[in-house]
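Chemist: pasting a predicted model and its sequence here:
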2 protein chains.
Amino acid sequence: MDLKSLVDSLRNFEGITRKNLIKDVTKPLNKTYNIAGRTLLGFGDDASAIDIGNDTLLLMAADGMWGKLMEADPWWTGYCSVLVNVNDIAAMGGIPMGMTNVLSMSNKKICKEIMDGINDGVEKFGVPMVGGHFHPDTPYNALDVSITGIVGRDDPITSCGASVGDKVIFAIDLDGKQHPKFPLNWDTTTFKTPELVQAQIKVMNEIAKKHLVTAGKDISNPGAIGTLGMLLEASGAGARVEVENIPRNDAVPWDEWLKLYPGSGFVLTAREENVDETIGMLEDVNITSKVAGEIIHDKKLYLTHADEEEVVFDFSKDRIMGIKEKRS
Amino acid sequence: MDLKSLVDSLRNFEGITRKNLIKDVTKPLNKTYNIAGRTLLGFGDDASAIDIGNDTLLLMAADGMWGKLMEADPWWTGYCSVLVNVNDIAAMGGIPMGMTNVLSMSNKKICKEIMDGINDGVEKFGVPMVGGHFHPDTPYNALDVSITGIVGRDDPITSCGASVGDKVIFAIDLDGKQHPKFPLNWDTTTFKTPELVQAQIKVMNEIAKKHLVTAGKDISNPGAIGTLGMLLEASGAGARVEVENIPRNDAVPWDEWLKLYPGSGFVLTAREENVDETIGMLEDVNITSKVAGEIIHDKKLYLTHADEEEVVFDFSKDRIMGIKEKRS
């Protein structure tokens, strides 16, 4: 393994660099995101949290599907619109309740394939698509989906809770295959039973209720390392991670593996005494989980391999989303 | 007034005819909309309702903003994305909790204007935009917003509850102005205080908690008559409505008035004994409200004027959304 070229490749990965623009959009909303006094978690997390009383928080997230995905495989786009949203709620330790969508279509055949994909995703993940809006006559095809879930008042798994000394756990379902057109889509769900797939979502709620982890995110477009980077940025911390300890399917080379969007994958941080129980619960639902590093005071993400060490992000000058999360 | 040409014009109004295509999209989801057994209200209402326990229902809705609106006035598009979503929750008798958005942008200047509009909408309506997704590099500009609200288990105002003999109330804030570029946008909020605008939203929750109405919808793109048509379709009923009794600002001719999207406007049905209290509550927040008709067994929407009568929709052969709402 050439650690330096791996780190260079990660630093220039579009899945990470694209996140950089989010701050320009969220900035004007910073003064109003808590206008009703109920927003517990705002921008910078996988879902936002709103206190509705009864010891319950609403979790809300939204995802727009990538245009290139739509062009290449409309069914997969519809299916993934469910997968990515459900994972956003799972990452927060919540229970997904329902989704809405906005579908903008220029082509009836593509529309049907997308709806079939959504429907198959709904059946797989067991979360209903309950409404939305349809533009029947746009000059482009687009699909945006939003999701709402719930979680106990004191239970959400946030991106901002990692503390010095916490262990960094990578948890990834290794039983998958790369999408033929999108090698960075690691499909672990289409060929599994709804029972197992839904158990992989539910385990995060169980971990949340037991307060076993201090922070967590689902591994998404920025890949395993980019996602950890966002967690560190939100937590205002750094980490040192040994690459070889990140669970990997040997069929995929490291440079691709660390950029993959896995069907079921999380980066978690936990105090040492809770590591074994957390890993045991994840492994029970086929998510291979290992400690690969530790949270450090130095605000840098180091990747190590044998006796080599490289800095992936130096948060004193690099930004991914540029958001240090505030918790109300 | 030439009643026949008014009715012909309404029947061919794009705001109504565009709704016709929704069924093709929702059809494949009919088998899965209640997959988790918690969906109380699915397609065909202003928002869907999901039972989360604790005597609370989640209300979820989504709206995609119209491309032509975006081209002409990005600020207004951002502002209206808040207005239309908040009205969807108000129409159900709910309390709006938060919104998410997916923003797809090709132009930085337009993006800023949209975000300013959203932010001004958030300040006006007091509902936070808590998260979302940003496509910084699409070949088009688009804004989709979704909202989640809550309502008591037994309190939602649905589209499907109208019964024969119920009075039909039109409730519209007449203190407004037509948007200079979009005469069918009846702006009643930009120049009013947040307190009054938020009271107009809250009154619907108060009406819902008192169970004063049997059905209701917010008047949206299909206009006052088209919206009543959707309510009748969902309820499996008809109505006879006297045009002149629909509250109107005299500055706007009838043909335009009945196609307007008002900033604050609702069609409601109520049993006779609850009409006065309902109207009183709405008038207290500057929403002019009058009984203009009655629900009838004959599944047609008749407009009357003096001794003339015309059929706007005959639901035995016409469809607007084509959805007769099922309540689980």
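Modeler: Structure received.

Chemist: so, low pLDDT: which residues of the stretch 1-150 of chain A?
Modeler: Counting by pLDDT under 70, the ranges of the stretch 1-150 of chain A that qualify are A:21-24.

Chemist: who's in contact with the spatially most distant residue from the centre of chain A?
Modeler: Taking CA atoms, centre = their mean, the residue of chain A most remote from its mean C-alpha position is A:Asp137, at 32.1 Å. Going by CB atoms under 8 Å, 6 or more residues apart in numbering or on different chains, A:Asp137 touches A:105-106, B:18. For the C-beta atoms, the positions are set from N, CA and C on the backbone; glycine is no exception.

Chemist: distance check, it against B:Tyr261.
Modeler: Distance, A:Asp137 to B:Tyr261, using CB to CB, to the nearest Å: 18 Å.

Chemist: of the contacts of A:Asp137, grab the buried ones for PyMOL.
Modeler: Selecting only the buried entries of those in PyMOL, with 16 or more other CB atoms under 10 Å in any protein chain shown as the criterion:
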select buried, (chain A and resi 105) or (chain B and resi 18)
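
Chemist: what's the closest of the contacts of A:Asp137 to A:Ala142?
Modeler: Of all the contacts of A:Asp137, A:Met105 has the smallest distance to A:Ala142: 8.2 Å, by CB to CB.

Chemist: just checking, the closest one touches A:His135?
Modeler: Yes: assessed by CB atoms under 8 Å, A:Met105 is found in contact with A:His135 at 6.7 Å.

Chemist: phi, psi of the residue positioned nearest the centre of chain A?
Modeler: The structure's chain A has its C-alpha centroid closest to A:Asp218; by CA atoms, centre = their mean the separation is 2.7 Å. Backbone torsions for A:Asp218, taken as degrees, to the nearest 10, come to phi -80, psi 140.

Chemist: A:Ile89 is in contact with that one, correct?
Modeler: No: look at A:Asp218 against A:Ile89 with CB under 8 Å: they stay out of range, at 9.2 Å.

Chemist: please enumerate the shared neighbours of those two.
Modeler: With CB under 8 Å, 6+ apart as the test, A:Asp218 and A:Ile89 both reach A:Asp46.

Chemist: quick one on the thing from earlier: how far away is the residue nearest to the centre of chain A from A:Val275?
Modeler: 19 Å.

Chemist: and what of A:Pro96?
Modeler: In terms of CB to CB, A:Pro96 sits 26 Å off from A:Val275.

Chemist: the more surrounded of those two?
Modeler: Neighbour count, other CB atoms under 10 Å in any protein chain shown: between A:Pro96 and A:Val275, A:Pro96 has more, with 29 against 20.

Chemist: which of the three states applies to that one?
Modeler: Under DSSP: H, G, I helix; E, B strand; the rest coil, the three-state class of A:Pro96 is strand.

Chemist: beta partners for it?
Modeler: Beta-bridge partners for A:Pro96, by DSSP bridges, are A:Gly149.

Chemist: how about the helices in the stretch 201-328 of chain A?
Modeler: A:223-235, A:254-257, A:272-283 (DSSP state H, counting those that start in this stretch).

Chemist: so which of these is the most packed in?
Modeler: Mean neighbour count (mean count of other CB atoms under 10 Å in any protein chain shown) peaks for helix A:223-235 among the helices of the stretch 201-328 of chain A, with a mean of 27.

Chemist: can you give me how far that helix is from the chain middle?
Modeler: 10 Å (CA atoms, centre = their mean, to the nearest Å).

Chemist: contacts only, for A:Val168.
Modeler: Neighbours of A:Val168 in contact, by CB under 8 Å, 6+ apart: A:228, A:239, A:241, A:267-269, A:291-295.

Chemist: same question for A:Asn205.
Modeler: Residues in contact with A:Asn205 (CB under 8 Å, 6+ apart) are A:90, A:93-95, A:151.
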